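Enquirer: What shape does this take:
(3 chains)
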Amino acid sequence: MTTKVTAPGKKSLQTSLEIGKAVKAYYANIKEAKEKGVPVIWSYGLIPREIFNALDAPAIYLEHLPVVIGTKQLSGHYIQIAEEEGFSRDVCAFHRCFLGCAVAKEREPYLEKFFAPPDIIVATNLPCMSESKSFLYVADHYGIPYHFVDAPINTWGSDIPDYAVEYYVDQLQGAIDFLVEHGFNYNRDKLKESVCLSKRLVELWNEIDGYRKAVPSPMSSVDGFTACYPLVSLAGTQLGVTLYENLLEELKQKVANKEGVLDNEKLRLMWFGVPPVYNMGLLNYVEKYDAVVVKSMVEYIVGGAYDPSIMDPERPLESLAYKSLVDIINPTSENMVDFVVKTVKEFKIDGLIGSVKRSCGLLPGYMRLIKDAVYQEVGIPTSIFDLDGMDIREYDDVTSKANLDSFVESLLASKRK
Amino acid sequence: MGTLETMKDIFDNPNKIIEEWKKDGRKVVGHRCMYVPEEIIHAAGMLPYPTFGTPEPIKKADSYFQPCACEFVRNLFDLALDKKFGFLDSMVLCNTCDAVRHLYNMWDTYVDSVPCYMVNNPQKMYDESGFKFYRMELEKFKKLMEDLSGNKITDESLKKSIELYDETRKLLKELNDLRKRDIPAISGSEFLVTSMASMLMPKEKANPLLRKLIDEVKNREIKNADGPRILLTGSIIDNPTLIELVEDMGGVVAVDDLCTSAKYFWYTTKPNNDPMDAIVRFNLERTLCACAHPSEDRYDYLQELIREFNVDGIIYFNIKYCHPFVYESAIFRKKLEEEVPTLTLEVDHSLSGLGQLKTRVQAFIEML
Amino acid sequence: MITAGVDVGSLTGKTVILKDNEILAWNIIPTGPDSSETAKEVFDMTLKQAGLTMEDIEYIVSTGYGRVVVPFSNKNITEITCHAKGANWFFPSVRLILDMGGQDCKGIRCDDTGKVTNFAMNDKCAAGAGRSMEIMSGLLDTPLAEMGGLSLDIKNRLAPLSSTCVVFARTEVLGYLHEGTHKNDVLAGACEALADRVYTLLKRVGIEGDFVISGGIAKNIGVVKRIEQKVGLKANICFEPQIVGALGAAVFGRGILEKKTAKKK
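Expert: The predicted structure is shown next:
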């Protein structure tokens, strides 16, 4: 239920349209595979996609499905179904959303284009506890086999011990063995190729980031939210690489022509927290103040925030294990804080927006640390307020906009001084 | 004073234990969650101190954590900020849930007076490669405890510590088994106080007290034992008031699957020439925490408790914002209810809203 | 056999005197600051109405939020258990009950004897309880008794209310009124929001069998109709839905006495 003022984000890039098409095609392929009798995997959490590519396994990534549901304003309905099953409001709204969708007796025709029931589940505990548990309910409901990959959390910083990598390699191999047992064919060459393409994908993403740092910024986080999709589902594929090559070209041209999202860019903001998926128009809202949301943290926690030079196609599993341990989705608090401070500096951010999803057990825990750090090291403020990025029933438009209004006004005022 | 009263006194006044221990210049290492091996701390000649919360409303912690973080963790952090844990020479956490990870981050950043360390452990049990990983972490932890204490931890000293802690576990289990009877010899709230007191004090002191207590109560029968027999489970419950609440509403708390109770003593270490390996396997050849996998293991263990203690109803006490137990109670509910009625309750760690809680518990007991 | 049930809720105190399984007298009064006083007051009032004295009452059961502070009761039983019994007395085929008082909301499943088989209560918040309607009544300057009917007479279209918290709903409601949305449409939104929350609660216990609504909310036709629509069942409502708990308590008293008498024989 909404106060009628939700709006989809206004995207300004051509590539965003292409990516949108790729999203639809991805799910259509899965449905086709299902019809041909190929078992469909539901993957929870950040299992390296390259493994599924090497097994030619059609996989639905549960980070993305709720986004599809949310953007169509349907999240409230499915979240309610999950609550009826006993999942209280304390647990992640993303998970409640797709749990409800998974067990619903019927789904809207639009969603049926994206939804293929699972035959197997492969889950992990990155980035959070919810990933590690909610899949059990789905496995039980459908009576299907599941495999849990235990990813070590990073407690060492950037100096990852060999035994941690070894453990995770073993876990990933376990996932491969499990899927082979269940009828998939493993092709190690495909894994190597996939790792190679992933490396290229992240290299491109980093180059893209480079152009986004330009003043004025040629791309807002509204497009960014769409643009991070290849990192979610197309890692290790040529299609992902092509899409990012196109995006890079588009941005190069814009920067060459000094073409920004706004003609008169006064403020650059960063969104830490999950933006309202059902109302991405809220990120465009601040543009009336000549403020643009240049980057959001969500674009980093989908699995591409690591140095691609660590990816060695000749040692594919070791590379995948290592990158999962150093990626920002698996942070120590120092890593997280340093990363955000670095991003704020490089993107020349004027203010950080920290939206807190009450049902999230992960991101809100970093808010205070980040707020203190960005203020101490860069001198910029953070506005922390409640906003559930997925549960549309909880959305209060008036208060959300009031929070943004007052924050932006105070930022503009300090700029004038 | 009877031994039950002694236990209560220790539970109410843990500072006495600390004062006594520190008198001789010995160190105290605080810990939270079951994958921090107490035996290693003990073998280094230090006192492993289980950090419990208090039923007070959160004050300072909310300006660090968002209000949507686990209440128990916020309470612990509150106590740390208030320097209530100032007597600790070190604080050790481990990899259980997101909230504990955040506690580590916060403590490490904002509590200078007590250094905080994190032991990394697998969340998947029974996995040989997980044993290797955990072993490496524990070797590091062992070195840390040696450095902190200035004492070397030998295989011998470790074996002795394991024996001592296993003895505590056996005695607590023996005492707990007295609740299997139709009329238990000790009530749920009395048991929790005893269990937590035993966790708090040096095991050299706890073990003789437990033997004495078993002797004292073995022929005892508690009053008001004709109500339905309840199994309590859920997030970390460190307040006997909750158990008393169930008892006051007419339930007989036959067994509690809590971190402060059965989870602590249900299993003992298997014989092993390599004590470090013994500790690794002790921790990883069982699934007791809702954060761990496989969850079927936990389900089987709950079934065992239901059978052995002749349980009529289950109550899940989930602390507000505890994710692992909300998932577990939602996932297990249907299966459990095929055997035994199950009630899931959300509880404020500071125990506000007790009236509403009483109504729900009473209604459940009336239903049974 | 004469028994009495005293139900002390957060908003109202009720008494029912039952004689040989017939309602002899009943009363509802607002709960004052002292629940114990309220209990005494409503009990005495009902006694007087029935032309009886305390000594004539053979067994008294207290229920409700203030059940433990009724010093003259013989036993206290939760309102969940009493509402199931009371609903069963009025409608023996009932299997699903919704009771909404001022501060809370309960979904109850029972068997054919009115014994509770499952229940769920709302989270500690007024948004899913009668209090939210009171707040709306104040905001929209509409007497409680009229709200339901007006909410069904939508002028333009229902104004959805998104706030989970009824305190924050205030901003939304004022926003709507400021924009010129008709009061009825906002009322419709408020009733819809409440019905939604209730539906989730009922789903948790399982929707099946004959359905009864008790408590003050049963008098709000706007909420009742919307719940019926979502649940797909007709709601059975007795002549005075607020006394169901007290009646159930009195019926329990009767049952206890019958057992005692049987034992003696």
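Enquirer: burial of the residue nearest to A:A291 when sequence neighbours are not counted, as a residue count?
Expert: Beyond its immediate neighbours in the sequence, the residue positioned closest to A:A291 (C-beta to C-beta, 6 or more residues apart in numbering or on different chains) is A:L267, lying 3.7 Å away. C-betas here are computed from N, CA, C, even on glycine. Neighbour count of A:L267, defined by other C-beta atoms under 10 Å in any protein chain shown: 21.
Enquirer: where along chain C do the strands fall?
Expert: In chain C, strands defined by DSSP state E lie at C:2-8, C:12-19, C:22-30, C:59-63, C:75-76, C:94-100, C:105-110, C:116-121, C:210-214, C:235-236, listed in chain order.
Enquirer: Off-centre distance for the last one?
Expert: What it means is strand C:235-236. Centre-to-centre, strand C:235-236 and its host chain are 13 Å apart (C-alpha atoms, centre = their mean, to the nearest Å).
Enquirer: Give me the helices and strands touching it, please.
Expert: strand C:210-214, helix C:221-231 (3 or more C-beta pairs under 8 Å, 6 or more residues apart in numbering or on different chains; DSSP states H and E).
Enquirer: Output the contacting helices and strands for the shortest one.
Expert: The one in question is strand C:210-214. helix C:79-90, strand C:94-100, helix C:221-231, strand C:235-236, helix C:244-264.
Enquirer: Name the stretch among those that sits most buried.
Expert: Stretch with highest mean neighbour count among the helices and strands packed on strand C:210-214: helix C:79-90 (a mean of 28; mean count of other C-beta atoms under 10 Å in any protein chain shown).
Enquirer: rewinding a little: A:K288 is in contact with the residue nearest to A:A291, correct?
Expert: No. Using C-beta atoms under 8 Å, A:L267 is not in contact with A:K288; the gap is 11.5 Å.
Enquirer: In TSV, list the helices and strands packed on strand C:210-214 along with mean pLDDT.
Expert: Formatted as TSV, the helices and strands packed on strand C:210-214 follow (pLDDT from 0 to 100):
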stretch	mean pLDDT
helix C:79-90	95
strand C:94-100	94
helix C:221-231	93
strand C:235-236	95
helix C:244-264	92
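Enquirer: Which of these sits closest to A:C128?
Expert: Closest approach to A:C128 among the helices and strands packed on strand C:210-214 is made by helix C:221-231 (33.1 Å; C-beta to C-beta).
Enquirer: check contacts around the residue in the stretch 201-350 of chain A that chain B sits nearest to.
Expert: Residue of the stretch 201-350 of chain A nearest chain B, by C-beta to the nearest C-beta: A:S333 (3.5 Å). Counting by C-beta atoms under 8 Å, 6 or more residues apart in numbering or on different chains, A:S333 touches A:Y366, A:L369, B:Y104, B:N105, B:D108, B:T109.
Enquirer: do the same with B:A185
Expert: Each residue near B:A185 by C-beta under 8 Å, 6+ apart is listed here: B:L178, B:R179, B:V217, B:K218, B:N219, B:R220, B:E221, B:I222.
Enquirer: and what of C:K225?
Expert: C:K225 touches C:L152, counting by C-beta under 8 Å, 6+ apart.
Enquirer: ok so, going back, deepest of the strands of chain C, which one?
Expert: strand C:2-8 (a mean of 29).
Enquirer: Given that strand, what are its sheet partners and their directions?
Expert: If you go by DSSP bridges, strand C:2-8 pairs up with strand C:12-19 (antiparallel), strand C:59-63 (parallel).
Enquirer: what number of residues lie near the nearest residue to C:P241 once chain neighbours are set aside?
Expert: Leaving aside its sequence neighbours, C:P241 sits nearest to C:A218 (C-beta to C-beta, 6+ apart; 3.6 Å). Number of residues near C:A218 (other C-beta under 10 Å) recorded here: 23.
Enquirer: before we move on, what about B:L232?
Expert: For B:L232, the count of nearby residues is 25 (other C-beta under 10 Å).
Enquirer: returning to what we had before: what's the closest of the contacts of B:A185 to chain A?
Expert: Checking these against chain A with C-beta to the nearest C-beta, the nearest one is B:R179 at 28.6 Å.
Enquirer: wait, is the closest one part of a strand?
Expert: No. Read with DSSP: H, G, I helix; E, B strand; the rest coil, B:R179 is coil and lies in no strand.
Enquirer: Now do the same contact list for it.
Expert: Listed by C-beta under 8 Å, 6+ apart, the contact set of B:R179 reads B:A185, B:I186, B:G188, B:F191, B:A254, B:V255, B:F309.
Enquirer: Now do the contacts for the third one.
Expert: Residues in contact with B:G188, defined by C-beta under 8 Å, 6+ apart, are B:R179, B:I230, B:L232, B:I243, B:V246, B:E247, B:V252, B:V253, B:A254, B:D256.
Enquirer: Mean pLDDT per helix and strand in chain C: which one sits at the bottom?
Expert: In chain C, no helix or strand scores lower on mean pLDDT, DSSP states H and E than helix C:166-179, which sits at a mean of 80.
Enquirer: so who does B:Y321 touch?
Expert: The contact partners of B:Y321, taken as C-beta under 8 Å, 6+ apart, are A:D90, A:G361, B:C68, B:A69, B:C70, B:E71, B:A99.
Enquirer: ugh, wrong one, I meant B:I319
Expert: B:I319 makes contact with B:C70, B:E71, B:F72, B:G234, B:S235, B:I236, B:I237, B:F325, B:E346, B:V347, B:D348, B:H349 under the criterion C-beta under 8 Å, 6+ apart.
Enquirer: Report the beta-bridge partners for it.
Expert: Residues in a beta bridge with B:I319, per DSSP bridges, are B:V347.
Enquirer: Mean confidence (pLDDT) on stretch C:184-199, please.
Expert: Taken as a whole, stretch C:184-199 has an average pLDDT of 88.
Enquirer: next one: stretch C:142-153
Expert: Stretch C:142-153 comes out with an average pLDDT of 88.
Enquirer: gap between that stretch and the chain center?
Expert: Distance of stretch C:142-153 from its chain centroid, counting by C-alpha atoms, centre = their mean, is 19 Å.
Enquirer: swap in stretch C:36-50?
Expert: For stretch C:36-50, the distance to the chain centre is 19 Å (C-alpha atoms, centre = their mean).
Enquirer: Dump the C-alpha coordinates for it into CSV.
Expert: What follows is stretch C:36-50, C-alpha atoms only, in CSV (Å, rounded to 0.1, in the frame of the first residue of the first chain):
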residue,chain,number,x,y,z
SER,C,36,-9.4,-3.2,40.7
GLU,C,37,-11.9,-0.4,41.4
THR,C,38,-13.4,-0.8,37.9
ALA,C,39,-13.8,-4.5,38.5
LYS,C,40,-15.7,-3.9,41.7
GLU,C,41,-17.8,-1.2,40.2
VAL,C,42,-19.0,-3.1,37.2
PHE,C,43,-19.5,-6.2,39.3
ASP,C,44,-21.6,-4.4,41.9
MET,C,45,-23.6,-2.6,39.2
THR,C,46,-24.5,-5.9,37.6
LEU,C,47,-25.3,-7.6,40.9
LYS,C,48,-27.7,-4.8,41.7
GLN,C,49,-29.3,-5.0,38.2
ALA,C,50,-29.9,-8.7,38.8
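Enquirer: right, is it up against chain B?
Expert: No. Shown here: stretch C:36-50 not in contact with chain B (C-beta under 8 Å from any C-beta of the partner chain), separated by at least 14.9 Å.
Enquirer: Tell me the buried residues in that stretch?
Expert: The neighbour-count check on stretch C:36-50 (16 or more other C-beta atoms under 10 Å in any protein chain shown) flags C:T38, C:A39, C:K40, C:E41, C:V42, C:F43, C:M45, C:T46, C:L47, C:A50 as buried.
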